[in-house]
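K.L.:
coordinates only, sequence not included:
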């Protein structure tokens, strides 16, 4: 048996009888060159498993691998066998191991994902297909590390997954990434892994220790009556100038006055409204947390909100309160909102959901407790509402410091003047 070198490999041709030909190495037992009848040459390693089964693993084709590289790999496999391992079995197991794509596809098909609201499902599918799969999809679950996820977060945050995709014959969607998208993507991945652990598809959740930071959404709100004034004035002007349809403007007014979610306002039907009691009652199937809690959501209507609903053209129980211009679906608000926001000179980062956060924040700053905010906004968990209370406490502290700034300036001036009275004069006289 010769030592397998390039010269030996080049000199070895196919078997004249059409069989596979093997040349075994003189130095590493089990390392060999395989030559097919077609002339294709590959490096192999043959060994016995701990169960005494003979296995022959292909290292790679000659050309893609040099004899020295193949020898090094064969020696690595030899050491693994000596340690009681099965290199080929491990390779097959790895090939069949679940990847992040497998997990995410299983999650998308799960009952847990199906229990989410349709709008939430659409958003989550976008995050999975456009951000998580491109950055992590090919990784195996058993070797995915927090570092891999942190690098994925950085890539999404820095816009490396940004693209423009076709959504129809003429439609396009811009995928931009950014800090908020990265944060929500990793939260979605965390939820998918938590589900997979419960389903015993994997043993741990590598997202558990990932810090995503605060969303910052409660910092971008309508801060005072002037902000709200510009919003309502802009809605009225744009409606009068026919730049926005009345039902669309009224749906935005309702959100600002009640903290309703965008989908709750757009999808509001007459069967949900009781103007005599001043209430909207959404069944569990018609609001975001209903499928999880199984409970209806009740929205109290201030007089102005009641008047907005009362002026809409009446319809049947299953007709939308805010009627669409055409078609059978609910009205679309997001695109128009961006125009309204710019016209009203509102903070650039505030979306329609920001009107909801604004209401909750002002409730908290007005002294409302977490339970009250939770009831008013229909949160599923008390901890969600508690964040507004903590934010309001910080905001009140900052306001107190600002309010006291003039008094503090006066205090400092008075202290300086008093100090000036006791400064010794030259010669020690006072």
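P.N.:
Looks like it came in fine. Small disclaimer: the values here were computed from a predicted structure and weren't measured.
K.L.:
hey, where'd the helices end up in the stretch 101-250 of the chain?
P.N.:
Along the stretch 101-250 of the chain, counting by DSSP state H, counting those that start in this stretch, helices occupy 111-114, 118-127, 133-136, 146-157, 179-198, 225-240, 246-258.
K.L.:
what's the most buried one of those?
P.N.:
helix 246-258 (a mean of 22; mean count of other CB atoms under 10 Å). (Each C-beta comes from the backbone N, C-alpha and C, glycine too.)
K.L.:
what does that helix contact?
P.N.:
Helix 246-258 is contacted from outside by 222, 228, 231-232, 235-236, 238-239, 260-262, 265-266, 268, 280, 299-302, 304-305, 308-309, 311-312, 322-324, 331, 333, 336-337, 340, 352, 355-356, 358-359, using CB atoms under 8 Å, 6 or more residues apart in numbering.
K.L.:
domain assignment for the protein?
P.N.:
When the chain is parsed with automatic domain parsing, its domains come out as 6-96, 100-215, 225-393.
K.L.:
quick one on the thing from earlier: just the buried subset of the contacts of helix 246-258, please.
P.N.:
222, 228, 231-232, 235, 238-239, 260-262, 265-266, 268, 280, 299, 301, 305, 308-309, 312, 322, 331, 333, 336-337, 340, 352, 355-356, 358-359 (16 or more other CB atoms under 10 Å).
K.L.:
just to revisit the earlier point, for the helices of the stretch 101-250 of the chain, give me JSON lines that also has distance to residue 58 and mean pLDDT.
P.N.:
Listed next are these as JSON lines, based on distance: least, CB to CB, whole Å; pLDDT from 0 to 100:
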{"stretch": "helix 111-114", "distance to residue 58": "40", "mean pLDDT": "87"}
{"stretch": "helix 118-127", "distance to residue 58": "39", "mean pLDDT": "87"}
{"stretch": "helix 133-136", "distance to residue 58": "29", "mean pLDDT": "93"}
{"stretch": "helix 146-157", "distance to residue 58": "29", "mean pLDDT": "90"}
{"stretch": "helix 179-198", "distance to residue 58": "32", "mean pLDDT": "89"}
{"stretch": "helix 225-240", "distance to residue 58": "68", "mean pLDDT": "92"}
{"stretch": "helix 246-258", "distance to residue 58": "63", "mean pLDDT": "92"}
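K.L.:
Which one of those helices lies nearest to residue 17?
P.N.:
In terms of CB to CB, the element of these nearest to residue 17 is helix 133-136, at 49.6 Å.
K.L.:
could you say what helices and strands the closest one packs with?
P.N.:
Contacting helix 133-136 under the criterion 3 or more CB pairs under 8 Å, 6 or more residues apart in numbering; DSSP states H and E are the following elements: helix 100-108, helix 146-157.
K.L.:
possible to save those helices as JSON lines with distance to residue 33?
P.N.:
Output for the helices and strands packed on helix 133-136, formatted as JSON lines (distance: least, CB to CB, whole Å):
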{"stretch": "helix 100-108", "distance to residue 33": "36"}
{"stretch": "helix 146-157", "distance to residue 33": "37"}
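K.L.:
Now tell me which helix or strand of this structure has the poorest mean pLDDT.
P.N.:
None of the helices or strands of the chain scores lower by mean pLDDT, DSSP states H and E than helix 382-403, at a mean of 48.
K.L.:
Distance check, residue 232 against residue 278.
P.N.:
Plainly put, residue 232 is 21 Å away from residue 278 if you go by CB to CB, to the nearest Å.
K.L.:
again with residue 54
P.N.:
Distance of residue 54 to residue 278, computed by CB to CB: 81 Å.
K.L.:
Could I get the full set of strands for the protein?
P.N.:
Per DSSP state E, the chain carries strands over the ranges 21-24, 31-35, 41-48, 54-61, 163-166, 172-175, 273-274, 279-282, 297-300.
K.L.:
quick one, which of these is packed in tightest?
P.N.:
Taking mean count of other CB under 10 Å, strand 31-35 is the most buried of those, at a mean of 22.
K.L.:
who touches that one?
P.N.:
4, 8-9, 12-15, 20-25, 41-46, 58, 62, 70-71, 74-75, 78.
K.L.:
Kindly report the same for stretch 72-81.
P.N.:
Outside stretch 72-81, the residues that reach it (CB under 8 Å, 6+ apart) are 25, 28-31, 43, 45, 47-49, 57, 59-60, 65, 87, 90.
K.L.:
List the buried residues for that stretch?
P.N.:
73-74, 77-78, 81.
K.L.:
Could you export the residues you listed as a markdown table, including pLDDT and distance to residue 149?
P.N.:
Below are those laid out as a markdown table (pLDDT from 0 to 100; distance: CB to CB, whole Å):
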| residue | pLDDT | distance to residue 149 |
| --- | --- | --- |
| 73 | 94 | 30 |
| 74 | 95 | 35 |
| 77 | 93 | 31 |
| 78 | 94 | 35 |
| 81 | 93 | 34 |
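K.L.:
now, among these, which is nearest to residue 130?
P.N.:
residue 73 (37.4 Å).
K.L.:
Between the two ends of stretch 25-41, how far is it?
P.N.:
Using CA to CA, to the nearest Å, one end of stretch 25-41 lies 15 Å from the other.
K.L.:
Distance from that stretch to the middle of the chain?
P.N.:
Computed by CA atoms, centre = their mean, to the nearest Å, the chain-centroid distance of stretch 25-41 equals 50 Å.
K.L.:
ok, now stretch 26-46?
P.N.:
Counting by CA atoms, centre = their mean, stretch 26-46 is centred 49 Å from the centre of its parent chain.
K.L.:
again, but for stretch 148-156
P.N.:
For stretch 148-156, the distance from its own C-alpha centre to the chain's C-alpha centre is 12 Å (CA atoms, centre = their mean).
K.L.:
Mind listing residues that contact that stretch?
P.N.:
Residues outside stretch 148-156 that contact it (CB under 8 Å, 6+ apart): 131-132, 135-136, 139, 161, 177-178, 181-183, 185-186, 189, 206-207, 210, 212.
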